[in-house]
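Trainee: What would the 3D arrangement of this be:
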Amino acid sequence: MQNKSAIFPHSTKISEKISSWVFALLGILSLWPFFSWKWPVIPVALIILTYCTYAFSLLFLYRKNISISGIFVFMVLFFIFIIFTLSPGGRPPWFNYYSFFSLLILLLPIDKLFDVATKFRKLFAISLIPGIIVYFLLLAGFNLPYTVLEAHNELKESLGIFYRDYGVTLSLSHLILEIGNSTLIRFSGIYDEPGLLGTIVALFLLADKFNMKSKINIIFLISGVISISLVFYIFIIVGFLLQSDKKIVGFLVLALLGVGIYNTPLYDNYLSKRFATSSSNEIVADNRESDCFKLEYNKFASSDIETQLFGEGNNAHLMTMCDVSSYKMYIYDYGYIGVLIIVAALIIQYFYPLLYNGNIIEYIKKSLFFVFCFFISYYQRPVLFNYAFCLIFFYSISFFYIHKYKNKIKETYSD
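Mentor: Numbering: from 1, shown residues only. Below is the predicted model of the structure:
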């Protein structure tokens, strides 16, 4: 019997494109945009649609292209998921429909992974455009209507923090400056944290080697600048100086940008606090863990060897009722051995597309600073097995292959 794709090539191609857009849209949803908690029916509907589309793709589009190595990697990672799920303390917060799909997608052909990653990048850029327009309207003095949106976070709500919802962008209530008729916010688009936005756009710019001929990268650069994310500024300044061919011009532009920000309320109200010397004489103040959690972590660090090796159990850091968003919460939960297993699993997942041609070493050499920043971002934003971050890494690998082989793939993944 003839292959269906040979009989209906046009419909098959359309089905492949639609499935890639659906899988990419799930990546947007995995970043927890505000509408996903404002209207819970949206994530439920999209998750069902995605899994149904995946089943269709596996059965009718890629049944004969399922990778044996992909099956093996999936089984190894899924086994690790199960082991941690069965540990005391309940299901890990990172084991959800999104993280599980980040494993399932490994069964699809490598070029499909790259296609989904590229479409995710485009969708992410598109999601920022309306918010950027609103940002500059607010800056220009327009009094735009907004509604109050609950933070959907116990800590933020306990501190009286809420969001201004402008429909296409959010603003945390404690990060708003009123200067004359102008309203100055830290830009976060439809996402819940400016820091999250700054981290993602910085990683995309690093992955793309600061190709400013791309309209998408211009959107990312503008978004990162107005997010006032310290991580964005550090990654971009160092990365631009290391990767750009026009280092002198780039240095002058970045220097002017830095001087401009230093002489505006942005520095005094948003950045200066991060550079304040802490009680431990750190140059950059650490806002990723509270004094409460530091005390709990010190108790853990001085506990018996078994506890240090295997941790306090799933969700143990939540039981402390302390504010923490640091890699230390995973050491506290899973111990040093548990964290090593998780790190190994993440490396296997991220580098899987490079196993085919044995290009891991060459890729790392070509993308060393991106790889470094990607993994160091776990200190700032420790979200394990996040589907969106998985796609960001896959996009970096696709960029590597495009410039390595310079074949038809370049046309497929260009802007």
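Trainee: Could you check the pLDDT of the residue lying closest to Pro145 once chain neighbours are set aside?
Mentor: Distance criterion Cβ to Cβ, 6 or more residues apart in numbering; nearest residue to Pro145, sequence neighbours excluded, is Tyr166 at 7.9 Å. For glycine as for every other residue, the C-beta is placed from the backbone atoms N, C-alpha and C. pLDDT recorded at Tyr166 is 95.
Trainee: in a strand, that's where Arg164 is, yeah?
Mentor: Yes. Using DSSP: H, G, I helix; E, B strand; the rest coil, the assignment for Arg164 is a strand.
Trainee: ok, back up a step: the residue nearest to Pro145 against Leu144, yeah?
Mentor: Yes. Using Cβ atoms under 8 Å, Tyr166 is in contact with Leu144, at 5.9 Å.
Trainee: In terms of neighbours, single out the busier of the two.
Mentor: More crowded of Tyr166 and Leu144, by other Cβ atoms under 10 Å: Tyr166, with 21 against 12.
Trainee: For that one, list the residues it contacts.
Mentor: 131, 134, 138, 144-146 (Cβ atoms under 8 Å, 6 or more residues apart in numbering).
Trainee: again, 6 Å this time
Mentor: Tyr166 sits next to 134, 144, 146 when contact means Cβ atoms under 6 Å, 6 or more residues apart in numbering.
Trainee: Please narrow those to those residing in helices.
Mentor: Of the contacts of Tyr166, the ones assigned to helices by DSSP state H are Val134.
Trainee: Now flag whichever of the contacts of Tyr166 is closest to Asn314.
Mentor: Using Cβ to Cβ, Tyr146 comes nearest to Asn314 of the contacts of Tyr166, at 38.1 Å.
Trainee: Could I get the phi/psi values of the closest one?
Mentor: phi -150, psi 160 (degrees, to the nearest 10).
Trainee: Who's the closest spatial neighbour of it, skipping the chain neighbours?
Mentor: Arg164 (4.5 Å).
Trainee: isn't that neighbour right up against Leu144?
Mentor: No. Contact between Arg164 and Leu144 fails when scored by Cβ atoms under 6 Å: they sit 9.5 Å apart.
Trainee: re the thing from before, go through the contacts of Tyr166 and name the one nearest Val324.
Mentor: Distances from Val324 to the contacts of Tyr166, taken by Cβ to Cβ, are shortest for Tyr146, at 30.4 Å.
Trainee: Please report the number of neighbouring residues for that closest one.
Mentor: Neighbour tally, Tyr146, other Cβ under 10 Å: 17.
Trainee: so what's it up against?
Mentor: 164-166.
Trainee: Next, format those residues as a markdown table and append distance to Ala24.
Mentor: Output for these, formatted as a markdown table (distance: Cβ to Cβ, whole Å):
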| residue | distance to Ala24 |
| --- | --- |
| Arg164 | 28 |
| Asp165 | 25 |
| Tyr166 | 25 |
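Trainee: Gly160: which element?
Mentor: Using DSSP states H and E, Gly160 falls within no helix or strand.
Trainee: Please name the nearest non-neighbouring residue to Ile226.
Mentor: Leaving out its chain neighbours, Ile226 is closest to Phe187 (Cβ to Cβ, 6+ apart), at 4.1 Å.
Trainee: My guess is the one you found contacts Tyr135. True?
Mentor: Yes. Assessed by Cβ under 6 Å, Phe187 is found in contact with Tyr135 at 5.2 Å.
Trainee: Common neighbours of the two, please.
Mentor: Joint contacts of Phe187 and Tyr135 (Cβ under 6 Å, 6+ apart) are Ile226.
Trainee: so what's Leu149 bridging to?
Mentor: Under DSSP bridges, the beta-bridge partners of Leu149 are Tyr163.
Trainee: still on that earlier bit, quick one: the residue nearest to Pro145 and Leu309, what's the gap?
Mentor: With distances taken as Cβ to Cβ, to the nearest Å, Tyr166 is found 48 Å from Leu309.
Trainee: same deal with Arg381?
Mentor: Distance from Arg381 to Leu309, by Cβ to Cβ: 26 Å.
Trainee: okay, these two: which has more neighbours?
Mentor: Legend: neighbour count by other Cβ under 10 Å for Arg381 and Leu309, higher for Arg381 (19 against 13).
Trainee: Now do the contacts for that one.
Mentor: So Arg381 contacts Thr199 (Cβ under 6 Å, 6+ apart).
Trainee: Quickly note the distance from it to Glu306.
Mentor: Arg381 is 30 Å from Glu306, by Cβ to Cβ.
Trainee: Report the mean confidence score over the strand or helix carrying Ile237.
Mentor: Per DSSP H and E, Ile237 falls inside helix 230-243. Per-residue pLDDT values across helix 230-243 average out to 85.
Trainee: other SSEs contacting that helix?
Mentor: Where contact means 3 or more Cβ pairs under 6 Å, 6 or more residues apart in numbering; DSSP states H and E, helix 230-243 is packed against helix 194-207, helix 247-262, helix 368-380.
Trainee: Where among the ones you listed is average confidence lowest?
Mentor: helix 247-262 (a mean of 60).
Trainee: Burial check on the closest residue to Glu16 other than its chain neighbours, number of neighbours?
Mentor: In this structure, Glu16 finds its nearest non-sequential neighbour in Leu61, 6.1 Å apart by Cβ to Cβ, 6+ apart. When neighbours are counted by other Cβ under 10 Å, Leu61 registers 20.
Trainee: Same question for the one 10 residues further on.
Mentor: Burial of Ile71 is recorded as 12 neighbouring residues (other Cβ under 10 Å).
Trainee: Mind pulling up the pLDDT for the nearest residue to it once chain neighbours are set aside?
Mentor: The shortest distance from Ile71 to any non-neighbouring residue, by Cβ to Cβ, 6+ apart, is to Leu107 (6.4 Å). Per-residue pLDDT puts Leu107 at 93.
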